[in-house]
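In: fold the following and give me the result.
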Amino acid sequence: MQRTLPLLFSIVFALFSSVQLSGQCTPDPACEDIDEPGQYCPEVFPPVVQDEAYDQTMTFILPALEYDVLGTIYTLDSVAVDSIRNIPPGMDYSSNSNGYAVGKAYCAQLTGTPTDQGIYAVAIYLRAFASQGGTQYELGPYVDDTSVVITVNAPSVIEPQQLEEFQVLPLAPNPFSEFTQMGFYTPYDDRIKLQVYNILGELMHEEAQGASPGEHHFDFNGSMLLPGTYFYRVTNSKRLYTGKFIKSK
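Out: Okay, the predicted model is just below:
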């Protein structure tokens, strides 16, 4: 069954990817399972910024998933969370329950003041319970460390007199071991492209995003790169900007 669990929990625990934490929460009664399967509310959360207090509640409804294991169909009944680790420093996680049944509304909170910027792949230690033919089976313990990521953004360094200019913000962290964040500010609607090259000039990564006026970020996963120096190129509709960063290990 283990082969099916990453897909299952990437769906289930995608619900947690933007949650904020604070004491005992109350599920939002207006959050209904209209998307089928599952639901989380709200769908957009404010960004997490270093040294800024954060407190956000999310309501979620666990989907009633069915999945095939070697020709046998199992139905998810509930999930029990034993612990959640690698929350950003300065923050904490809490929920109104440590076990979640299918079809019922629960809530969770992420609270605190993050002290370090970066991208944190949260590890969720859990057990799942599924039924088949009237019998319930416990699956686990299982660690989900792939679908839940909390990004702590750097504080804005944009001065008021610079709000009419496109800017590439400093990478953070730099050097980095796995993840780093490339920030930029655009005063107008634009499409921004990020390219990463090694010291031989070989293109190692490329991505683009449409951006409305304001501050935005590329969350770069460099875990597959070898340690060393790399160069980045950020291109908007008018010009390109270059710089370098270091993969430490």
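
In: helices along this protein, start to end?
Out: With DSSP state H as the definition, the chain shows helices at residue ranges 5-12.

In: for it, what's the longest strand?
Out: In the chain, with assignment by DSSP state E, the single longest strand is strand 72-85.

In: which stretches of this protein aren't confidently modelled?
Out: By pLDDT under 70, the weakly predicted segments of the chain are 1-23, 35-37, 43-46, 67, 69, 126, 139-149, 156-163.

In: contact partners for Glu32?
Out: Taking C-beta atoms under 8 Å, 6 or more residues apart in numbering as the criterion, Glu32 is in contact with 39, 61. All C-beta atoms are positioned from the backbone trio N, CA, C, and that covers glycine.

In: what's the spacing between it and Ala108?
Out: Applying C-beta to C-beta, to the nearest Å, the value for Glu32 to Ala108 is 18 Å.

In: please apply the same query to Val81.
Out: Separation of Val81 from Ala108 (C-beta to C-beta) stands at 10 Å.

In: who touches both of the two?
Out: If you check Val81 and Ala108 against C-beta under 8 Å, 6+ apart, the residues they both contact are Ser95.

In: more neighbours: which of these two?
Out: Here Val81 and Ala108 are set side by side on neighbour count (other C-beta atoms under 10 Å), and the busier one is Ala108, at 26 against 19.

In: follow-up on the earlier one: so which elements touch the longest strand of the chain?
Out: Other helices and strands packing on strand 72-85, by 3 or more C-beta pairs under 8 Å, 6 or more residues apart in numbering; DSSP states H and E, are helix 5-12, strand 66-69, strand 99-101, strand 123-132, strand 135-144.

In: and if we set it to 10 Å?
Out: Packing partners of strand 72-85 (3 or more C-beta pairs under 10 Å, 6 or more residues apart in numbering; DSSP states H and E): helix 5-12, strand 66-69, strand 91-95, strand 99-101, strand 123-132, strand 135-144.

In: quick one: distance of the shortest one to the chain centre.
Out: The gap between where strand 99-101 is centred and where its chain is centred comes out at 22 Å by C-alpha atoms, centre = their mean, to the nearest Å.

In: and it, what does it pack onto?
Out: Using 3+ C-beta pairs under 10 Å, 6+ apart, the elements in contact with strand 99-101 are strand 54-61, strand 72-85, strand 105-112, strand 123-132.

In: so can I have CSV of the ones you listed showing distance to Pro27?
Out: Shown next, in CSV, are those (distance: least, C-beta to C-beta, whole Å):
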stretch, distance to Pro27
strand 54-61, 5
strand 72-85, 16
strand 105-112, 4
strand 123-132, 20
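
In: how is this protein carved up into domains?
Out: Each domain of the chain is listed here as a residue range: 2-152, 157-247, per automatic domain parsing.

In: among those, which is the most enclosed?
Out: Across those, averaging neighbours per residue (mean count of other C-beta atoms under 10 Å) puts domain 2-152 on top, at a mean of 17.

In: thought Met91 was touching Ile84?
Out: No - between Met91 and Ile84 there is no contact under C-beta atoms under 10 Å: 11.0 Å.

In: circling back: any idea how far the longest strand of the chain is from the chain center?
Out: If you compare the mean C-alpha spot of strand 72-85 with that of the full chain, they lie 20 Å apart, counting by C-alpha atoms, centre = their mean.
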